[in-house]
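Colleague: heads up, no residue letters with this:
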């Protein structure tokens, strides 16, 4: 709750100070390094709220993105006695990215990079007869369009209006941790990767301070 409130307050501060970013190109040229937070309408950014370390420049900025967060899900299943049972999972979403921005003018830019997104479940249950440790990761290329303003006082705000992706590779694994494995439980546990598309998002906000 405190983290979300801090993000909201900082967003209001940055959005209300566009006038201080008249020379974004010159301001980011004067910075050596900057730290920030990334969020937006993107599955992994919403859950992991990753931190950003960037090395800004007048024409290009390069950076590292990393964060991890949990999502609790609840599903219902039928046991062998035909009774309905509720299962609660905690999924851990991890975001790791190598990013870049190519600036066309003062603030308009093309963000790009390579991302690895991972979803991990320590204890996925199948009808109370078997439990698995699941792991799924996808590596993809990201590219989008956005604006980024760097303020006279050191802060910066980036808005990627759209970010798309192209899947490079993926990997899924299912490891039995308890119970009795059957062909049905193993097949269900391993049913993941072929239908997963590259992740995309809109209105992705990155903001922080440079030095």
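Modeller: All right, it came through fine. Keep in mind that what you see is a predicted model, and the values were worked out from it rather than measured. Residues are numbered from 1 along each chain as shown.

Colleague: The helix or strand hosting residue 142 pairs with which strands, parallel or anti?
Modeller: Taking DSSP states H and E as the definition, residue 142 sits inside strand 130-150. When pairing is defined by DSSP bridges, strand 130-150 lines up against strand 108-126 (antiparallel), strand 155-179 (antiparallel).

Colleague: Would you format those strands as JSON lines with mean pLDDT and mean neighbour count included?
Modeller: C-beta coordinates here come from the backbone N, C-alpha and C atoms, glycine included. JSON lines is the format used below for the strands paired with strand 130-150 (pLDDT from 0 to 100; neighbours: other Cβ atoms under 10 Å):
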{"stretch": "strand 108-126", "mean pLDDT": "90", "mean neighbour count": "18"}
{"stretch": "strand 155-179", "mean pLDDT": "90", "mean neighbour count": "17"}
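
Colleague: Residue 197: which of those is closest?
Modeller: Counting by Cβ to Cβ, residue 197 lies closest to strand 155-179 out of those; the figure is 6.9 Å.

Colleague: burial measure for residue 86, as a count.
Modeller: 8 (other Cβ atoms under 10 Å).

Colleague: quick revisit: please name whichever of the strands paired with strand 130-150 is nearest to residue 28.
Modeller: That would be strand 155-179 among these, by Cβ to Cβ, at 7.1 Å.

Colleague: my read: residue 57 touches residue 26, true?
Modeller: No: taking contacts as Cβ atoms under 8 Å, residue 57 lies outside contact range of residue 26: 11.4 Å.

Colleague: Cool, thanks, talk later.
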